[in-house]
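J.: Give me a 3D structure for the following:
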Amino acid sequence: MRIDAIFTGGRIRTFDPARPTASRIGVLHGRIVGLDEELDGAQADRVIDLGGQPVLPGFHDAHYHLSLTGARLAALNIRPTAVRSLEELYRAVEQHAATLAPDEWVRASGYDQNFLEDHPTAEGLDRVAGGRPVLLEHVSGHMTVANTRAFELAGYPGREGVPAVDGGGMPRDADGRPLGLLQEQAMQLIYRLVRPMPLDDVQRNVGLASEQALHYGLTSVTEPGIGAVDMVGNTPVDYHSYQQAIEQGTLGVRTTLMPFVTTLHDIDRMPEWFGLDLGIRTGLGDDMLRVGPVKVVSDGSFIGRSAAMHRCYRGEADNDGVLLFPEATLRDFIVRAHASGWTVATHAIGDRAADLVLDAVEEAQRRVPRPEVRHRIEHFALATDERIARAATLGVIPVPQGVFISDFGDGMAEAVEPELRDLIYRVKSLADAGIVLNGSTDSPVSDGNPLVSIQDMVLRRTGSGELLGPDERISAEEAVRAYTYGSAYAVSQEHDKGTLRVGQLADFVTLTDDLLAIEPERIREQQVTATVVGGEVRFGEL
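T.: Got it, this is the predicted structure:
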């Protein structure tokens with residue numbers, strides 16, 4: 001037998017129960033054709049020595065905003081790692097603005113008011129922008145801050161006469177003028193000025209993010225929302241941009257794309273159909289680019305205190321979050337998409353939002369039974385035992401983010417009453433209920449490095465060192481399995497990826513040490529030394 005490549009001399013963990021370890025992998029046409037003795041007698045065009053390095057299946061991030069990650073890589077960084085006070089933030093904006101043309105937009109992203117004294121304000125930005133319009137994105141992606149010039153370009157000189165927006169928030173001063181912070185749907189007042197994004201910028205951003213993803217050992221990602229410039233997306237032709245990126249070789253990570261629900265529509269002369277033209281739906285595509293679930297966003301964010309809750313946020317007696325769509329509209333989206341053959345992935349962070357989504361899935365299954373479908377709830381941030389059991393019964397897959405524990409755990413714990421804190425981003429309880437765990441970061445909300453998220457799933461220590469939900473800790477093996485097999489399962493692709501066995505895609509990573517053999521505190525310190533996609537080295541050297 002003649003094959004393309006044999007990778008030899010590795011300490012390979014396959015995550016296949018039938019053969020947990022191996023030392024050789026044979027590849028033909030991008031897929032695994034044999035391990036160890038199955039390759040005896042085979043000849044290969046290339047023989048690559050892995051040098052005794054640990055090998056794992058390629059990591060798969062189940063919720064990774066690829067294009068937004070690239071946009072943030074290209075923008076001014078104001079994450080907590082870069083600025084730790086409002087004074088530092090304003091200084092960074094001022095220095096960046098000075099490099100721009102007099103009328104050019106000042107864009108920055110990643111600020112978190114939990115690490116500052118408060119949110120930035122329009123007036124504060126006015127003082128440092130030199131008359132330029134400014135738009136700062138919150139780390140969650142659910143809030144922005146605009147300055148007075150930006151409001152003026154939107155048709156509201158002096159920030160006067162700005163209307164309230166359904167499904168959005170906008171704190172105001174004593175005279176009724178917005179302070180600058182725009183929450184949820186209110187962001188569209190300014191976003192309509194900067195979207196759709198130029199296609200060249202989208203191409204650049206996808207390429208930047210793909211390069212970083214491969215550096216981190218990600219061989220697959222699920223992009224949770226494209227095509228809706230008023231919600232989640234760059235342009236109405238986002239799929240084209242990703243397809244072009246693959247054709248041009250700038251997108252090297254396998255990508256599953258979720259069209260946002262507002263891109264779906266009634267199909268002419270087929271009143272029962274709700275979807276994309278030609279009947280395109282979940283599952284269409286190839287090994288590099290595929291249509292995934294339809295994305296719905298039901299509520300806001302936890303750290304921004306806009307997720308829809310049954311109880312008000314701690315210290316905010318009049319704030320129980322927001323729903324981005326009326327309950328009836330949200331239910332209609334889910335029920336109709338389900339009936340039209342889609343898998344549905346709904347962002348629901350607050351417990352009230354999660355219950356509404358589960359209600360809608362239950363109704364959808366009652367009307368049109370599809371027991372095999374794997375609907376998802378993205379985040380599922382506050383979960384009782386009863387809510388978890390209900391998700392398991394309905395076959396709904398929660399998609400939590402382990403890295404949120406270290407990045408935002410302290411702020412999330414502060415947002416709710418003490419008796420609710422151990423319900424935040426539960427993981428072990430999901431597995432105990434029979435739900436297949438997956439791994440994700442929600443990049444660029446958190447950095448996309450899977451090793452950090454894996455460590456957080458094991459240790460569950462917040463930024464201050466506190467244990468958040470200690471009973472929700474899992475083993476390193478369970479966390480790695482979540483980030484490989486589990487994330488593939490969450491998009492019904494476990495037959496192609498997630499384990500290293502014959503017939504699977506030849507996607508794997510080499511690392512500086514064995515994640516399952518070292519102390520958990522050392523996991524995030526490790527480095528990916530090479531990333532292999534379809535038998536080709538896409539990052540590093542072998």
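J.: Could you look up the SS state of residue 4?
T.: Of the three states, residue 4 takes strand under DSSP: H, G, I helix; E, B strand; the rest coil.
J.: count of residues packed around it?
T.: 18 (other Cβ atoms under 10 Å). Where C-beta positions appear, they are placed from N, C-alpha and C, glycine not excepted.
J.: Now do the same contact list for it.
T.: For residue 4, the contact set (Cβ atoms under 8 Å, 6 or more residues apart in numbering) comprises 27-29, 44-46, 535.
J.: can I get those residues in a markdown table with pLDDT, distance to residue 223 and secondary structure?
T.: Below are those laid out as a markdown table (pLDDT from 0 to 100; distance: Cβ to Cβ, whole Å; DSSP: H, G, I helix; E, B strand; the rest coil):
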| residue | pLDDT | distance to residue 223 | secondary structure |
| --- | --- | --- | --- |
| 27 | 98 | 26 | strand |
| 28 | 98 | 29 | strand |
| 29 | 98 | 26 | coil |
| 44 | 96 | 34 | strand |
| 45 | 97 | 33 | strand |
| 46 | 97 | 31 | strand |
| 535 | 98 | 24 | coil |
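J.: Do you know the pLDDT at the spatially closest residue to residue 384 that is not a sequence neighbour?
T.: Using Cβ to Cβ, 6 or more residues apart in numbering and skipping residues adjacent in sequence, the residue nearest residue 384 is residue 423, 6.2 Å away. For residue 423, the model assigns a pLDDT of 97.
J.: sorry, back to before: so which of the contacts of residue 4 would you say is closest to residue 87?
T.: residue 535 (51.2 Å; Cβ to Cβ).
J.: I'd say the closest one and residue 27 touch.
T.: Yes: Residue 535 is in contact with residue 27 according to Cβ atoms under 8 Å; the separation is 3.5 Å.
J.: Please identify every residue contacting each of the two.
T.: 4-5, 506.
J.: Distance to residue 483 for the residues you listed - can I get that in JSON lines?
T.: Below are these laid out as JSON lines (distance: Cβ to Cβ, whole Å):
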{"residue": "4", "distance to residue 483": "27"}
{"residue": "5", "distance to residue 483": "25"}
{"residue": "506", "distance to residue 483": "18"}
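J.: how about CSV for these, with pLDDT added?
T.: Below are the shared contacts of residue 535 and residue 27 laid out as CSV (pLDDT from 0 to 100):
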residue, pLDDT
4, 98
5, 98
506, 99
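J.: nearest to residue 384, of those?
T.: residue 506 (41.6 Å).
J.: Against residue 254, how distant is that closest one?
T.: Look at residue 506 and residue 254: by Cβ to Cβ, to the nearest Å, they are 12 Å apart.
J.: Same check on residue 80?
T.: Distance from residue 80 to residue 254, by Cβ to Cβ: 31 Å.
J.: mind listing what's buried in stretch 478-495?
T.: Going by neighbour count (16 or more other Cβ atoms under 10 Å), the buried part of stretch 478-495 is 478-494.
J.: Can you flag which of those belong to strands?
T.: With strands taken from DSSP state E, there is no overlap with the buried residues of stretch 478-495.
J.: Filter those down to the ones in helices?
T.: Residues of these located in helices (DSSP state H): 478-481, 487-489.
J.: and of the residues you listed, the nearest to residue 298?
T.: residue 487 (21.8 Å).
J.: Residue 51 reaches residue 9, doesn't it?
T.: Yes: Residue 51 is in contact with residue 9 according to Cβ under 8 Å; the separation is 6.0 Å.
J.: follow-up on the earlier one: looking at the ones in helices among the buried residues of stretch 478-495, which is nearest residue 129?
T.: residue 487 (40.7 Å).
J.: For that closest one, give me its contacts.
T.: Shown in contact with residue 487 (Cβ under 8 Å, 6+ apart): 59-62, 220, 222, 438-440, 498.
J.: how does it look with 6 Å?
T.: 60, 62, 438-439 (Cβ atoms under 6 Å, 6 or more residues apart in numbering).
J.: Return the member of the ones in helices among the buried residues of stretch 478-495 nearest to residue 277.
T.: Of those, the one sitting nearest to residue 277 (Cβ to Cβ) turns out to be residue 488, at 28.5 Å.
J.: So the closest residue to that closest one other than its chain neighbours, which state does it fall into?
T.: Closest residue in space to residue 488, ignoring its immediate chain neighbours: residue 498 at 3.6 Å, by Cβ to Cβ, 6+ apart. The local conformation at residue 498, judged by three-state DSSP, is coil.
J.: Check the gap between the nearest residue to residue 187 once chain neighbours are set aside and residue 93 for me.
T.: Closest residue to residue 187 apart from its sequence neighbours, by Cβ to Cβ, 6+ apart: residue 144 at 5.0 Å. Distance, residue 144 to residue 93, by Cβ to Cβ: 14 Å.
J.: which of these two has more neighbours?
T.: Set residue 144 next to residue 93 and count neighbours by other Cβ under 10 Å: residue 93 wins out with 27 against 23.
J.: That one: helix or strand, and which one exactly?
T.: Using DSSP states H and E, residue 93 sits in helix 86-97.
J.: Residue 80 and residue 254: who's more crowded?
T.: Using other Cβ under 10 Å as the criterion, residue 80 and residue 254 rank with residue 254 on top: 28 against 16.
J.: ok, the more buried one - contacts?
T.: 220, 288.
J.: Tell me how far it lies from residue 476.
T.: On the measure of Cβ to Cβ, residue 254 and residue 476 end up 24 Å apart.
J.: now swap in residue 417 and tell me
T.: Residue 417 is 32 Å from residue 476, by Cβ to Cβ.
J.: okay, those two: which has more neighbours?
T.: residue 476 (20 against 10).
J.: Test my guess that that one contacts residue 517.
T.: No: using Cβ atoms under 6 Å, residue 476 makes no contact with residue 517, being 8.6 Å away.
J.: Kindly state the beta-bridge partners for the residue nearest to residue 25 when sequence neighbours are not counted.
T.: Leaving out its chain neighbours, the residue that sits closest to residue 25 by Cβ to Cβ, 6+ apart is residue 7, at 4.6 Å. Counting by DSSP bridges, residue 7 is bridged to residue 25, residue 48.
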